[in-house]
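>>> sequence first, then the predicted structure, then my questions.
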Amino acid sequence: MWVKYTYAPTRRWSCFTEATYLAPTLMIGSKCNVLLPVEVINRELDTRLLLAVAFAEPDRRIYVGQHNVLDAMVPRLKGGIYVGKTLFKSLFPTDLKYYEMLRRSDFRVVHLDEEGGVFSGDGARWRAILDSRLDPQVLAQDDYLCTWGGFQQEHYLDRAPNLKGSTRVVGHPRFDLYLEEYRALYEEEARRLRERHGSFVLVNTNLAVANNSFGREYMFSPPAGYDLQDARRRLAQVGRWAETSKTLADIIALVHRMSVELPERRIVVRPHPQEDMSFYETALNSLENVDVVHEGPVGPWILAAEALVHDGCTTSLEAHFAGKPVITFQTSKSTGSSVRIANHVGLLCQTPEEVLNALQTDGGMHGEALAGRFDDVDRSLLANLDGAALPRLMAVMQEAIEHGATEYLDAAASDLKWMEARRRLVEGVKSPLRRAFPKRHARHRAFMDLFYGFDRNLINRKLALIQEILDKEISSVVVSDRLVVIEGVGG
């Protein structure tokens, strides 16, 4: 069915067919645009959908989409907020053209990093990482800078004191998904995983420095911090690679020991999305009780698992909030690659024998494995340890809207459909051409592993669950495999 949308001063036509989409007559200025970019589906999509539904109101049009799609949409829009960090395409210093484009379109940026507090090394290294991820001086005074904790806030305010009035400690809502009130989002998926794998131990890795999906050469290139002109940076990067490579070898050896000495247990190895899966498939080939899997978000896997084994992985914190036992496998090493807060979760094991003993005695289901050894420094890194992030972030978003644009222009539905149709056509032409350039083709495949496209049915099921959890009604349209539009109902 074709639905006519009337705008002032022009008329546009839409081919949305979902009956849930909002009223057909809308005036320019009635909808505030809210952009929620997604870079890695498995890591970010559920958080964005929860945030979108929770923040939806009749006078807001929320776009959840692959970040390049939202970039392309901005010239068609006027007024709103952008929540995230992917407007900056590389480590700093970086190209500011997307940020400047947002500002020209009267958007306020609510900057929130996906990697804001779970860092390796010590305080000096954390500050260096924060500097590489954002130069806060590029933000305007009426933008908002959201941080994972007080340490990050203090560091950025040292760099940009003028942002004191618009910097907020919020934590990150990805950890809220594991609080009891939101776990229903993953319950059905967790049940299916238990049926498929039985009782299993989840081994999560975060070793892209040694095993990057972009190839070995990536970690020895400028985008990764390897700088031939800066000996200090180069040696630091090589040191990280060397220590992480040792950890990778230790994890592989541990899984082989677990496979032999715990033959009755299933072991699921889930690499980080930026890691090369084929390495694990080769190194753990044909082990009968070991599965190498990276499917969907990690949430259902954590809830389905008997226990989590990790070394320096953010999923240890997610498991902690989910009330799951955690075994931190940390062999002797310098603090250069140790991830402080992640390794303060659960039971600390420094040898394979300690891990095996914990799993053999009671599956890690004892007090230490359920506890966190958090201190004031940890709490300064992650505000979620002292409360949920979602309401704090939404308060900042509301403030940004109230202090932002007063007139809005949104994209016509037909414009979005046409934009995505052109994108699919271009991709169809590029796809066979990429094969003539193996390195570019490999990079594109690695990118597709991170963002493999939205599944319409899955998106609709998740949105239905979130509406039930929040007891809230929305309207939604899955425009394409890269874009979802959500609005509140009523008013």
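Nice, thanks for sending it over.
>>> now do the nearest residue to residue 394 once chain neighbours are set aside against residue 375, distance only.
Once flanking residues are discounted, residue 394 sits nearest to residue 55: 5.4 Å by C-beta to C-beta, 6 or more residues apart in numbering. (C-beta placed from N, C-alpha, C; glycine too.) Distance of residue 55 to residue 375, given as C-beta to C-beta, to the nearest Å: 33 Å.
>>> what of residue 311?
As defined by C-beta to C-beta, residue 311 lies at a distance of 20 Å from residue 375.
>>> of these two, who's got more company?
Neighbour comparison, residue 311 and residue 375: the larger count goes to residue 311, with 28 against 11 (by other C-beta atoms under 10 Å).
>>> how about the more buried one: what's its closest non-neighbour residue?
Leaving aside its sequence neighbours, residue 311 sits nearest to residue 329 (C-beta to C-beta, 6+ apart; 5.0 Å).
>>> what bridges to the one you found?
With DSSP bridges as the criterion, residue 329 is bridged to residue 349.
>>> so who does it touch?
The neighbours of residue 329, taking C-beta atoms under 8 Å, 6 or more residues apart in numbering as the test, are 250-251, 254, 309-311, 349-350, 352, 355.
>>> one more: residue 230?
Residue 230 neighbours (C-beta under 8 Å, 6+ apart): none.
>>> now do it, the pLDDT please.
At residue 230, the model reports a pLDDT of 85.
>>> need phi/psi at it.
phi -130, psi 100 (degrees, to the nearest 10).
>>> and the gap between it and residue 52?
Taking C-beta to C-beta as the measure, residue 230 falls 41 Å from residue 52.
>>> in the stretch 51-200 of the chain, which spans are strands?
60-66, 80-84, 107-112, 144-147, 167-169, 200-204 (DSSP state E, counting those that start in this stretch).
>>> mean pLDDT, distance to residue 159 and mean neighbour count added to the ones you listed, as CSV?
Shown next, in CSV, are those (pLDDT from 0 to 100; distance: least, C-beta to C-beta, whole Å; neighbours: other C-beta atoms under 10 Å):
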stretch, mean pLDDT, distance to residue 159, mean neighbour count
strand 60-66, 96, 30, 24
strand 80-84, 98, 20, 26
strand 107-112, 98, 13, 24
strand 144-147, 98, 10, 26
strand 167-169, 98, 11, 20
strand 200-204, 96, 33, 25
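>>> residue 37: which of those strands is closest?
Closest to residue 37 of these is strand 80-84 (C-beta to C-beta; 4.5 Å).
>>> the closest one versus strand 107-112: what angle between them?
Orientation check (axes from the mean of the first three to the mean of the last three C-alpha atoms, to 10 degrees): strand 80-84 against strand 107-112 gives 20 degrees.
>>> where does the stretch 301-450 of the chain dip in pLDDT?
332-337, 362-366, 413-414, 433-449 (pLDDT under 70).
>>> any idea where the helices of it begin and end?
For the stretch 301-450 of the chain, the helices defined by DSSP state H, counting those that start in this stretch occupy 315-321, 352-362, 367-370, 376-381, 390-402, 413-434, 438-450.
>>> could you look over those helices and pick the most buried one?
Of all those, helix 315-321 has the most neighbours on average by mean count of other C-beta atoms under 10 Å, namely a mean of 26.
>>> A strand includes residue 33, no?
Yes: residue state for residue 33 (DSSP: H, G, I helix; E, B strand; the rest coil) corresponds to a strand.
>>> so who does the nearest residue to it once chain neighbours are set aside touch?
Distances taken as C-beta to C-beta, 6+ apart place residue 80 nearest to residue 33, at 3.1 Å, with adjacent residues excluded. By C-beta under 8 Å, 6+ apart, the contact set of residue 80 is 32-35, 106-108, 401, 404-405, 408.
>>> returning to that earlier point: what subset of the contacts of residue 329 is buried?
Buried members of the contacts of residue 329, counted by 16 or more other C-beta atoms under 10 Å: 250-251, 254, 309-311, 349, 352, 355.
>>> which one of those residues is nearest residue 118?
Relative to residue 118, the closest of the buried ones among the contacts of residue 329 is residue 310; by C-beta to C-beta it sits at 11.5 Å.
>>> same question for stretch 295-311: list its buried residues.
Neighbour-count burial for stretch 295-311 flags 296-311 (criterion: 16+ other C-beta under 10 Å).
>>> on that earlier part again, show me what the residue nearest to residue 33 is bridged to.
Under the criterion used (DSSP bridges), residue 80 bridges to residue 33, residue 107.
>>> list the contacts for the spatially closest residue to residue 341 that is not a sequence neighbour?
In space, and not counting its chain neighbours, residue 341 is closest to residue 378: 4.7 Å by C-beta to C-beta, 6+ apart. Counting by C-beta under 8 Å, 6+ apart, residue 378 touches 340-341, 344, 372, 385.
>>> against residue 312, how distant is residue 378?
Residue 378 is 14 Å from residue 312, by C-beta to C-beta.
>>> same question, residue 225
Distance, residue 225 to residue 312, by C-beta to C-beta: 18 Å.
>>> please identify which of those two sits among more neighbours.
Neighbours were counted for residue 225 and for residue 312 using other C-beta under 10 Å; residue 312 has more, 24 against 19.
>>> just give the closest residue to that one, not the sequence neighbours.
That would be residue 339: by C-beta to C-beta, 6+ apart, it lies 3.5 Å from residue 312.
>>> who does the one you found bridge with?
residue 120.
>>> is it in contact with residue 120, as I believe?
Yes: counting by C-beta atoms under 8 Å, residue 339 touches residue 120, with 4.9 Å between them.
>>> shared neighbours, these two?
With contacts taken as C-beta under 8 Å, 6+ apart, the residues that reach both residue 339 and residue 120 are residue 312.
>>> so residue 265 sits right up against residue 288, yeah?
No: in this structure, residue 265 is not within contact of residue 288 by C-beta under 8 Å, at 11.4 Å.
>>> if anything else comes up later, I'll come back, but that's it for now.
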